[in-house]
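K.L.:
coords please:
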Amino acid sequence: MALQGNPTGLRVRCSGGSRARVVRAPVRVNATVTGRRPKQAPSTEGSPTSQRQQLQPSHVWARPPFKRSEEVAAMILGGGPGTDLWPLTNSRAEPAVPFAGLFRLIDIPLSNCIHSGITNIYVLTQYNSTSLNRHLSRSYQFLNNVTMSGHGAGFVEILAASQRPGKTNYDAWYQGTADAVRRHLNMLEDQSRHENCEDVLVLAGDQLYRMDYTNLINYHRAKGADVTIATTPADEDHAEHLGILAVDRSCNVLEFHEKPPKAQLATMSIDTLDYGFADTKEEAHSKPFVASMGMYVFKKDVLVDLLYKKFPEAVDFSRDILSFMHGELKMVAYPHHGYWEDVGSLKDYYAANMALATDSSRLGLFDREWPLYSEARVLPPSKIFGATLDDSLVGDGVRISEGSIVKRSVIGSCAYIDKKCFIKDTIMFGADTIDTQEIREAERREGRIPTGIGAGTHLERCIIDSNARVGANCKLLNKHGVVDGRDNTGLPQGVIIKDGIICVMRGAEIPAGTVV
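P.N.:
Numbers count the residues shown, from 1 in each chain. Below you'll find the model as predicted:
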């Protein structure tokens, strides 16, 4: 298999029976459907390709623009315990959490890297990493040791936390973002692989956005920066939970404060339109703060010096290093224009999926010039048996039976919805395999509940995890408006309510007739 690349994207050409790992977007349903899908024209609105900047610095380039993959190494952080996304992280790492019916969160930074011509990629994993490791090996093996046209050999490599000399107890685990990268600086110092590496791109694995990293790296080089922080305008509610920057009109970082209190925030608001971060007056009015996206570009030598010499005990980049480096290094802010969502909490994750169900152009799911890569599963098409769907995303191998109604929902691959169900504002992760009708009938005879949603069940504002079994005539509605609750508070086993969202745990069995 050979990959043909160019600065704005990659195309996969298969030979010798190999399969490409470009995954089509889920079916987008925005009208009533009875037994068939409407035809969808691919959309390129908001494509990073169409937005590629022609950077014209007002001064001589401090360093030449990025041209070859070997010049940049990407390190994608696999996340910590993911407590804010629990219970979805009960059995998987944050970046392995599914979204939009077909993908995993890790597919976002990896796809952006590949399309940007950055193909030397490390993924740092630790907590609940089994499914993440499996997904990476199945989905991105096509990149390993394959020569990219114009970009040299590429790889996606897993760097797991492990014991090593001097670190054999609790300290063997990553303590934070900076500590995780420090543990693997030896990889960047390997001259046989990274002799030509000049910059290191540090990315998070729990965000939704599209970005051409070429623009970010060229901006970093044109500015002559030691550190560049990707930023987005933010409102006050979000600013309290993010790193906030004070900048001048040239986007030089004057101050950096991690999760500042309201009193400090009041002194850091600016006209984000005038400074070039917001796109409209309305956005500038509602989002007067410049927030870090948790995405950084470091000069390689600067990163090594910071982690080994200046801050050898630092745990987090934002809290322990960047907050103390203004005035010491040349730090600049890179304005990201376009869609970006941090989905590190259950509430934000749920809201982002619901928004994609109604408006998939936010993430460009149907942009054929910038497709999302993921695992290429060999699955049959979805089948709608006289059901009604509206404003929903539907994955592959889904079966929705006669008389069922699905509104504003995300239905993952291999999901099964029996007859006369009503599903609204719900995310279903689907199943690992497709059960035939014979298997389902055999399970019923054995007194078991088949995988999927039983006949006559009513779901609203739910997240149904993988391989869950919900019996017939259940009503999961949270009519009493419970904000947080677990099975020890009277809820059925396997059902949790968090932020007002009903979550059915992975593999849980909910008896027929259950009411929540």
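K.L.:
what's the longest helix in the chain?
P.N.:
The longest helix of the chain (DSSP state H) is helix 346-358.
K.L.:
grab the CA positions of the helix or strand hosting residue 135 and hand them over as PDB.
P.N.:
Using DSSP states H and E, residue 135 sits in helix 130-139. In PDB, the C-alpha atoms belonging to helix 130-139 read as follows (Å, rounded to 0.1, in the frame of the first residue of the first chain):
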ATOM      1  CA  THR A 130      -6.400  -1.500  26.400                       C
ATOM      2  CA  SER A 131      -9.200  -0.400  24.000                       C
ATOM      3  CA  LEU A 132      -7.200   2.700  23.000                       C
ATOM      4  CA  ASN A 133      -4.200   0.600  22.200                       C
ATOM      5  CA  ARG A 134      -6.400  -1.800  20.200                       C
ATOM      6  CA  HIS A 135      -8.000   1.000  18.300                       C
ATOM      7  CA  LEU A 136      -4.600   2.600  17.400                       C
ATOM      8  CA  SER A 137      -3.100  -0.700  16.200                       C
ATOM      9  CA  ARG A 138      -6.200  -1.600  14.100                       C
ATOM     10  CA  SER A 139      -6.700   1.900  12.600                       C
END
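K.L.:
and the strands in the stretch 101-250 of the chain, which stretches?
P.N.:
For the stretch 101-250 of the chain, the strands defined by DSSP state E, counting those that start in this stretch cover 103-104, 120-125, 147-148, 152-153, 155-160, 199-204, 207-209, 227-234, 243-247.
K.L.:
can you list contacts of the longest one?
P.N.:
The list of residues contacting strand 227-234 from outside it, by CB atoms under 8 Å, 6 or more residues apart in numbering, reads 211, 216, 219-220, 242-245, 253, 256, 272, 277-278, 283-284, 287-293, 295-299, 302, 322, 325, 329-336, 340. Every residue, glycine included, has its C-beta placed from N, CA and C.
K.L.:
count of residues packed around residue 321?
P.N.:
Burial of residue 321 is recorded as 22 neighbouring residues (other CB atoms under 10 Å).
K.L.:
just to revisit the earlier point, what is the helix holding residue 135 packed up against?
P.N.:
Helix 130-139 sits against strand 120-125, strand 155-160, with contacts defined as 3 or more CB pairs under 8 Å, 6 or more residues apart in numbering; DSSP states H and E.
K.L.:
what residues of that helix count as buried?
P.N.:
Under the neighbour-count criterion of 16 or more other CB atoms under 10 Å, helix 130-139 has 131-133, 135-136, 139 buried.
K.L.:
next one: stretch 459-470
P.N.:
Buried residues in stretch 459-470, counting neighbours by 16+ other CB under 10 Å, are found at 459-470.
K.L.:
may I see the helices and strands packed on helix 130-139 organised as a markdown table, with mean pLDDT and distance to residue 378 added?
P.N.:
Below are those laid out as a markdown table (pLDDT from 0 to 100; distance: least, CB to CB, whole Å):
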| stretch | mean pLDDT | distance to residue 378 |
| --- | --- | --- |
| strand 120-125 | 91 | 25 |
| strand 155-160 | 86 | 21 |
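K.L.:
indicate which one of those is closest to residue 362.
P.N.:
When the helices and strands packed on helix 130-139 are compared by CB to CB, strand 120-125 sits nearest residue 362, at 24.9 Å.
K.L.:
report all helices and strands that that closest one contacts.
P.N.:
Using 3+ CB pairs under 8 Å, 6+ apart, the elements in contact with strand 120-125 are strand 72-77, helix 107-115, helix 130-139, strand 155-160.
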